[in-house]
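> quick check, what structure comes out for this input:
(chains A, B and C)
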Amino acid sequence: MKFLLGFFIALIMFFPMYAVIICSVKTNGQVLSDPFGIPHPFDLTAFGLVLGKSGEFWGFLYNSIVIAVSTIVIVDLFAMAAGIALSRIRFKGRPLIYNFFIMGMLFPITVAVLPLYLQLRDLGLLGTQGGVILAEAAFGLPMAIFLFTGFFKDIPQELQDACQMDGGGMFTFFFKIVIPISRPVVATVSIITFIQSWNQFLFPLLVLDDSSKFTIPLGIMQFQGQFTTGWNQVMAFITISIIPMAAFYFSAQRYIVAGLTAGAVKG
Amino acid sequence: MNRRTSITISLVLCLVVTGSLFAGGESEKNAESGKTTITWWALSGGGGADDVREIYRRNLIKEYETAHPDVDIELTMLENEAFKQKVQVAIQAGNPPDIFHSWGGGVMVEYARVGALKDISNFVENELSPSIGSGALGVYGYDGKYYGAPYDMGAVGLWYNKAVFAELGVDVPKTWPELLDIVKKAKAAGYIPIALGGGDRWPAHYWWVYLAMRIGGQEAFNAAYDGSGSFKDETFVKAGEMLLDLAALEPFQTGFLGSTYDDESALVGNGKAAMELMGQWAPAVQAANSESGKGIGDDLGWFSFPAIPGGVGKNSDVMGGGNGYVIGANAPDAALDFLKFFLSRENNMELHKVEGIIPVVKGAEEVLASNPNAVKIAQAVAGADYYQLYYDQFLPPSVGETIKDAVMALLAGKASPEEAATMIDDSWQAEK
Amino acid sequence: MKKAGLVFLLITPAFLLFLLFVVVPVIQAGHYSVYRWKGLGPLEQFVGLGNFFRMFGEDIFLTALWNNLKVVILSLLLQLPVAFFFALLIGRKRFPGSMLFRGIYFFPYILAEIAIGIIWKFIYNPEFGLPTMIASFVSGGETKIALLGSTEHAFTAIFIVIFWKYIGFHMILYIAGLQNVPDELEEAAIIDGASKLQVVFHVIIPCMRNTIVISVFLSVVGAFNIFDVVWAMGQGGPVHSTETLVTYLYNFGFKRFAFGYGSAVAIVIFLICLVFNLFYQKYIVGESK
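Numbering: from 1, shown residues only, chains lettered A, B, ... in the order given. Here you go, the predicted model:
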């Protein structure tokens, strides 16, 4: 019974994706005339064009990966460090600093776009992937710090004291205890950061000039010309670009729930 | 390899990769080996890997760079809306590209006013005006100064399906009442009389502008523009009323308020709609959006906007626009030279084959010979005493946006012709 | 002093990055909001609170605000409960396919805004889209439905997409939260004769308080900041019927070269979220700790 209900809902939820995939193997004209039906003929030219011509897609893929991975590394490192301090060390002004970071969740990147752009220009970072990475990482910090702090709060104080008694101090605690058990929350933070970074459109558009540095969403834009659009190619593009994310998600899936449980839910 | 070594190697790798992520910044480009770099932002034509516009331009770059080894041209192809956003932010930051797309008019003027564009009046006068008509060049000038040049200047007119007209037994309409009559017949026969991409808004504003032009002529617009009259004048209110007359016949496709221009094109290209009011690029777009990939082929015809009985405007008055490039304030002289190269007679003719533009260079018309519709358009442009750039480009951006909004409000029944005209006038007053 | 040094070391990197790329731009936005500025050239026209007063007098702004409120309310009343239902359905005992379903329900969250806009505009297309197909099938003729073209229905159509996109995220959050519910408590309640519904309301939900608190918070803040999906589906149209605060900012700020005004709108959005946050922290979150 559960299965049937779940299956039926899954059909509905998946339908839009089905539409994308089915359109990517049709001719452009057929996409417009019969989008949801079975393709006849089954046409793989869209994929060929997207993957083949001048290897641009692979370039976009590479750029997206580089930016996403770098962003994840920065966010994980910085947020983890801050999380430790905010959860395990009592110091004056701790709640203030914590709230300072959390307030960052209230402001999406879209809105700060112009001042952010000017900031990057002043720092000489326009046109560089580094500029995109730093900004994306900065906006990913609040959520990450929230999750890490929540997670670390739950580590029993006894463990920390035990390290101190053995003459170790914070560093031992950090490397011997915290890092090994952080897998779930790191996975969660990484996935969320990955998704945000992978799908960013407006910000990389404004910062990057060199199309060889473009990311995948910018790549999709290429298929929408001033007026015309190669629909089947767009669909193929979307289909292919989802694969890395889906792969990443499915591999890290089991950690996400654990990570959210410990980091967000227990409070 | 022991742990220490592998950690060290990883660190070094990280440093290298990190370094590369910060490379390519602004200062880097100029320091490169004494070459002159030109940044060029153009509009992409869609079709992704097969974008004919990109291919054409890259070939052109290769040709030019070979002839000028000390010049390095960096091309960025962008989709329409994305381009508008990117260029705006770049200019705000004082960082305009060297050569970039422009439709002339009010937006260009804004850019010039803040010093984002180079005054290339001398260049235009000496190098370009011998070969390009002054009307076209004028679109890229303001207050006596020139900031860029067009490569395409055409007209907006009515594209129609000859087969459908034949089936309905109608001729090309010369007057507005005749047009309304065709609309009724087409609807009765089960066709969509007029395809309209209302969601994008700008196709709708074409109708209103042409109505205003035919009713009040150049005088009405100039009066509103220079302050001796206003956009609340009779002409503009009447334009709204007549548009509502048309809308009352329900000539547009279902859901037109949310349709895109692509949707509009597809309807014509697939033979479902009888007409659309569109610019010179229409055939190419119809074909791309059509099921067959070729549009309606030879069945596609063109006629100019019909006359309005009792209207002051001349039938030769044309609303249109084109495409061109403007030069950024920091651009090197090589950029001007490249622009001249782009606008050579051969290249302009070639561009027609690639993009379907109407050439601006004199003597290039012969390339149109095989395309009767294009010939009609070129003639209309050449024969127009009053050539009006579409309002949404000609007027300052905020007024342009308001006009588009006002027309849509009109069509959605949310504003009366008076209210629409007032909206527009208020916005214009705020800008002056 | 060692502790201070350590804290400094741990917090500084995040702090600096955050300050430079988030806080400073926000403050600058605040600065721009008291000017009338075209975004090009120097800031010259100081208008004080003029932008803010103007905002609240504009019909379209109020429409946008109301649309955001509708999203908040509909999300809280519809999306979150359904997400909770999904979590209950597939989030606990594993049955064949449950992990796959979980992935499918979460999937829309992963998609980029461009992709979602393209996909759903397709589905809603008046000529060949799904509503048209269903309507034609039912009526037996050719009935065209244009949801995105209708000023009455576009919002509903877009909300469906919002619903679809974010429900998986909340579901996962709830699945995580369900881990917190002790089996013994549930079993005890069942033994005592409680019905399934009673178990849900009296055992499960109370144990998941923390999770629900977070889910509601993210949902409300997200609802006020919603942009991607709405923009991709029509840029706030048709005729501004689906504007939200951020699309309004974009259309009336950026596009019209009115940056002072746009920044003022941004500040208002920020303030709304801030007030909500403070209120929420004080009255709701405070209790659970």
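> and whatever residue of chain B ends up closest to chain C, what are its phi and psi?
Here chain B gets closest to chain C at one residue, residue B:255, 1.9 Å apart by Cβ to the nearest Cβ. (Glycine included, C-beta is placed from N, CA and C.) In terms of degrees, to the nearest 10, the main-chain angles of residue B:255 are phi 70, psi 20.
> tell me the helices and strands packed up against the longest helix along chain A.
Longest helix in chain A by number of residues (criterion: DSSP state H): helix A:56-88. On a contact count with 3 or more Cβ pairs under 8 Å, 6 or more residues apart in numbering or on different chains; DSSP states H and E, helix A:56-88 meets helix A:45-52, helix A:94-103, helix A:129-153, helix A:183-199, helix A:216-222, helix A:231-260, helix B:3-21, helix C:2-18.
> hey, least reliable of the ones you listed by pLDDT?
Lowest mean pLDDT within these: helix B:3-21, a mean of 67.
> for the record, mean pLDDT for the longest helix of chain A?
89.
> ditto for stretch B:301-308
Rounded mean pLDDT across stretch B:301-308 is 95.
> can you check stretch C:139-149 too?
79.
> ok, now stretch B:249-261?
90.
> now swap in stretch A:7-14 and tell me
Averaging pLDDT along stretch A:7-14 yields 87.
> count of neighbours near residue 196?
Using chain A. Neighbour count for residue A:196, taken as other Cβ atoms under 10 Å in any protein chain shown: 18.
> hm, I was asking about chain C
The number of residues near residue C:196, taken as other Cβ under 10 Å, comes to 9.
> check what pLDDT residue C:288 gets.
Here, the pLDDT recorded for residue C:288 equals 42.
> my bad, should have said residue C:279
At residue C:279, pLDDT is 86.
> doesn't it fall inside a helix?
Yes. Read with DSSP: H, G, I helix; E, B strand; the rest coil, residue C:279 is one of the residues of a helix.
> so who does it touch?
Applying Cβ atoms under 8 Å, 6 or more residues apart in numbering or on different chains, we find residue C:279 in contact with no residue.
> now chain C against chain B: closest residue?
Counting by Cβ to the nearest Cβ, chain C gets nearest chain B through residue C:146, at 1.9 Å.
> nearest residue to that residue other than its sequence neighbours?
Spatial nearest neighbour of residue C:146, chain neighbours left out: residue B:255 (1.9 Å); criterion: Cβ to Cβ, 6 or more residues apart in numbering or on different chains.
> can you count the residues close to that neighbour?
Using other Cβ under 10 Å, residue B:255 has 27 neighbouring residues.
> what's the answer for residue A:221, then?
24.
> give me phi/psi at the closest residue to it other than its chain neighbours?
In this structure, residue A:221 finds its nearest non-sequential neighbour in residue B:79, 4.5 Å apart by Cβ to Cβ, 6+ apart. When read as degrees, to the nearest 10, the backbone of residue B:79 gives phi -70, psi 150.
> my read: residue B:79 touches residue B:43, true?
Yes. Using Cβ atoms under 8 Å, residue B:79 is in contact with residue B:43, at 7.5 Å.
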